[in-house]
Structures are given as structure tokens and as C-alpha cells.
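J.: The amino acid sequence is not available; the structure is as follows:
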């Protein structure tokens, strides 16, 4: 997929209070980043960040880190975070939040990160997880509508491949889980097989999440999930642990 470059996006990311700069220096110190010892969850391939921010809002007693490797996509996440804070302030001041628009990339007057914010963003490649998170530092990983990398020669790039599952093991706490959602049946079947071959425990799975009462309980949808399910596409989900 070719992503459109957004002029100024790199500068916005480098100066945003929502984006952690030099994350390698935070390895083993993420409790200091958030100022508390709350459980730490990460989403790999966070896209524009809706799921991550909704999770953070729904679970204020947890901390969340979203990982995205593309500047143009992460910039949109920063915009969404800024708009959420601006709308929250507008509501608190009795103003209409609907008129608030995203701040253009080249506008230097960007709002600061909200106080006591329990989510952060990272611009990084997920292959570098162990350089950014210490052993058993993470309480869970979310993978949502990941790139299917359909060509066989690219199988190891899939975030549910054995190669990536192996990378997750050192940073996950004992008993921590990986939750994966996709509408891509081929990728999902591949993922089920990889979980088995990696020696992980498959705790639960479904080929139709929104019609599975138990697994759908408390489900927070991503933008893709909302779009695809509205088109009648069933959503697949699995939960697994090392």
C-alpha cells in the first residue's frame, strides 16, 4: 500500500507530547513515563489510533502504547488525540465541540498533551520490540486488522507469524495474552495455524465476533471493524498466550 506523504507530519510527530521520542531510553521504565504502576498494554499497527484511545478511555486504570511505523498514519493519530482533548475542554467550558477541526500539519500552534493521559504513541518498527520494552514489561498485545502481506514470501512479516509470536514472548508477562481481530479469513486461518506451530495456547477464537456473545462482550471496535462489519463482513478474533 502506497501512503501519501503529508508535508510537516514528521515535525508534528517529533514535537507531539503524545509521541514518545527515543523510546529505547524508556525500556524498563514505562511506569515512569505514565507516573504509575498500572498494567501496560500495546497495540501494534495502531493506524489512526481510535481503538487505542477508546481503550484508554474505557480503562483509565491501565496504560496503553500504540505502535505505528508510518509517519502519515501516525500524524492522523496525533490529530485525533488533539481533537479529543480540544473537544473535552470545549464540553467542560460549555461550548459546542462539533465545530472543532483537525489542526493542519504545518500549524505550529498545537495543544499540549492532556493531563494524566494514559496513552502514548510510538513511531517504530515492531521488530524492535525488545529494544523498547524490557522482559515481562507488557500485560497484553492487541493486533487489529493487520496488513495481511498476501504473498507467501512475505509470511514472516505478518504480525501473527511464528517469527513475530517469538518476538512477543520475552516482553509479555506470564499469562499475558495477544488478541487479534481481522476480517481476512485467509490471514485468520494462517494465524490459527501459527499459534499452534509456535506452541502457544489458543484460549478462544471465533469466525463471527459480533454474533459471539461471550467474546463480543466489552468489545471496542476499530475504524476498520466498524466499516467492514457494516458491509456484512464477519469479524474473526482469536485470543492466545505463550
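T.: Looks like it arrived, so ask away. Computed from a prediction, not measured in an experiment: that's the story for all the values here. Numbering: from 1, shown residues only.
J.: Tell me the spacing between the residue of the chain most remote from its centre and residue 87.
T.: The outermost residue of the chain, judged against the average C-alpha position, is residue 94 (31.6 Å), by CA atoms, centre = their mean. Distance, residue 94 to residue 87, by CB to CB, to the nearest Å: 13 Å. Where you see a C-beta, it was placed from the backbone N, CA and C, and this is true even at glycine.
J.: Could you do residue 31 as well?
T.: Distance, residue 31 to residue 87, by CB to CB: 29 Å.
J.: Touching the top strand by length along the chain from outside, list them.
T.: Of all segments of type strand in the chain, defined using DSSP state E, the longest is strand 172-182. Outside strand 172-182, the residues within contact range by CB atoms under 8 Å, 6 or more residues apart in numbering are 136-146, 148, 159-160, 165, 168, 188, 191, 203, 209, 222, 225, 235-242.
J.: hmm, which of these are the buried ones?
T.: Buried by 16 or more other CB atoms under 10 Å: 137-146, 148, 159-160, 165, 168, 188, 191, 209, 222, 225, 235-242, out of the contacts of strand 172-182.
J.: Residue 8 is in contact with residue 106, correct?
T.: Yes: counting by CB atoms under 8 Å, residue 8 is a contact partner of residue 106 at 4.3 Å.
J.: With neighbour numbers in mind, choose between the two.
T.: Taking neighbours as other CB atoms under 10 Å, residue 106 and residue 8 compare with residue 8 leading, 14 against 11.
J.: check contacts around the more buried one.
T.: Contact partners of residue 8, counting by CB under 8 Å, 6+ apart, are 104-106.
J.: again, 10 Å this time
T.: Neighbouring residues of residue 8 by CB atoms under 10 Å, 6 or more residues apart in numbering: 75, 104-108.
J.: Also residue 75?
T.: Residues near residue 75 by CB under 10 Å, 6+ apart: 6, 8-13, 16, 19, 48, 68, 102, 105, 123.
J.: burial of residue 50, as a residue count?
T.: Applying other CB under 10 Å, we find 21 residues neighbouring residue 50.
J.: Using the three-state scheme, assign residue 42.
T.: Judged by DSSP: H, G, I helix; E, B strand; the rest coil, the three-state class of residue 42 is strand.
J.: didn't it look like it was pressed against residue 62?
T.: No: under the criterion of CB atoms under 10 Å, residue 42 is not in contact with residue 62, lying 11.2 Å apart.
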